[in-house]
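Peer 1: structure for this input, please:
(one chain, ligands or ions: 1)
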Amino acid sequence: MSSILLASQFKYLEKFRNESDPLLLEMESFAKEKSIPILSRDSAELLELLVNICSPKRVLELGTAIAYSSIRIARNLKKKSVVHTIEKSEDNIVKAKENISKSGLHDKIILYAGNALEIVPRLDKKYDFIFLDADKNDYKKLFDYSMILLKKGGILFVDNLLWHGYAAAKTVPKNYRSSAKIIREFNEIFSSQPNLKTTILSVGDGIGIGVKE
Ligand SMILES: C[S@@+](CC[C@H](N)C(=O)[O-])C[C@H]1O[C@@H](n2cnc3c(N)ncnc32)[C@H](O)[C@@H]1O
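Peer 2: Coordinates of the predicted model:
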């Protein structure tokens, strides 16, 4: 399944997305060519705007891939603010390091190599903003850790809550069934936390935003 928006509307709105950073454009092409999932442009713009509005001092990203979203976060951070980002794929780590270095934002992006399920429980300081974008099988556990690590008033930003449209579909292809089930269960949990004010938006592949109360 493709975009949730009608193709004509999507194409119309694309005209207003004026990304011109050659590195980000190169990363978008690389991700497409190598089938590496990164945030859609509309989701990335929403993420950047939120970071810009909230001015977080400490951001945690779970799932770096090639550092596309890390760079988009970092370029909106104020002086002395940082994004800690975690990635487990060795190939992606190599590419992420290369891109972070090219971006000139290496003083704002701290990359942890390894499984977030092992690294996150060892983090001791809290975060103002957390972006969850790892394997869907890990979402529930990483969400639980995120709720502990998120400061009061902090923002949790989660990608893929429509899961290519299959979270809402009546018939789901066999190879998407178990992940669609995981996302459906996750959405129930995400939107029913007593201390998290949430919304799920039909932006990109479905973006969940929660504010910890
Ligand atoms: C959807 S991609 C991240 C895209 C990136 N946030 C962006 O928008 O540019 C998910 C990445 O998370 C990594 N990943 C998945 N589960 C992980 C885990 N438990 N710990 C660390 N990395 C993980 C995958 O290897 C993959 O590179």
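Peer 1: and the ligand, is the helix or strand hosting residue 177 touching that?
Peer 2: Taking DSSP states H and E as the definition, residue 177 sits inside helix 174-190. No - shown here: helix 174-190 not in contact with the ligand (CB under 6 Å from any ligand atom), separated by at least 12.4 Å. In short, each C-beta sits where N, CA and C put it, glycine included.
Peer 1: show me the contacts for the closest residue to the ligand within the chain.
Peer 2: Relative to the ligand, the nearest point of the chain is residue 63 (2.9 Å; CB to the nearest ligand atom). Residue 63 makes contact with 86, 87, 116, 131, 132, 133, 134, 135, according to CB atoms under 8 Å, 6 or more residues apart in numbering.
Peer 1: for the residue sitting nearest the centre point of the chain, which non-adjacent residue is closest in space?
Peer 2: Computing the C-alpha centroid of the chain and ranking residues by CA atoms, centre = their mean puts residue 133 first, at 4.2 Å. Leaving aside its chain neighbours, residue 133 sits nearest to residue 63 (3.9 Å; criterion: CB to CB, 6 or more residues apart in numbering).
Peer 1: show the pLDDT at that neighbour.
Peer 2: As predicted, residue 63 sits at a pLDDT of 98.
Peer 1: how about the nearest residue to residue 41 once chain neighbours are set aside, secondary structure?
Peer 2: Spatial nearest neighbour of residue 41, chain neighbours left out: residue 17 (5.1 Å); criterion: CB to CB, 6+ apart. Secondary structure state of residue 17, per DSSP: H, G, I helix; E, B strand; the rest coil, is coil.
Peer 1: what's the distance between residue 17 and residue 133?
Peer 2: 20 Å (CB to CB, to the nearest Å).
Peer 1: next, residue 212: phi, psi?
Peer 2: phi -80, psi 130 (degrees, to the nearest 10).
Peer 1: same question for residue 206.
Peer 2: Torsion angles, degrees, to the nearest 10, at residue 206: phi 100, psi 110.
Peer 1: that one against residue 163, yeah?
Peer 2: Yes - counting by CB atoms under 8 Å, residue 206 touches residue 163, with 7.0 Å between them.
Peer 1: point out where the chain drops to low pLDDT.
Peer 2: Within the chain, the set of residues satisfying pLDDT under 70 comprises 1-5.
Peer 1: give me the helices and strands touching the helix holding residue 177, please.
Peer 2: Helix 174-190 sits against helix 139-149, strand 196-201, strand 207-212, with contacts defined as 3 or more CB pairs under 8 Å, 6 or more residues apart in numbering; DSSP states H and E.
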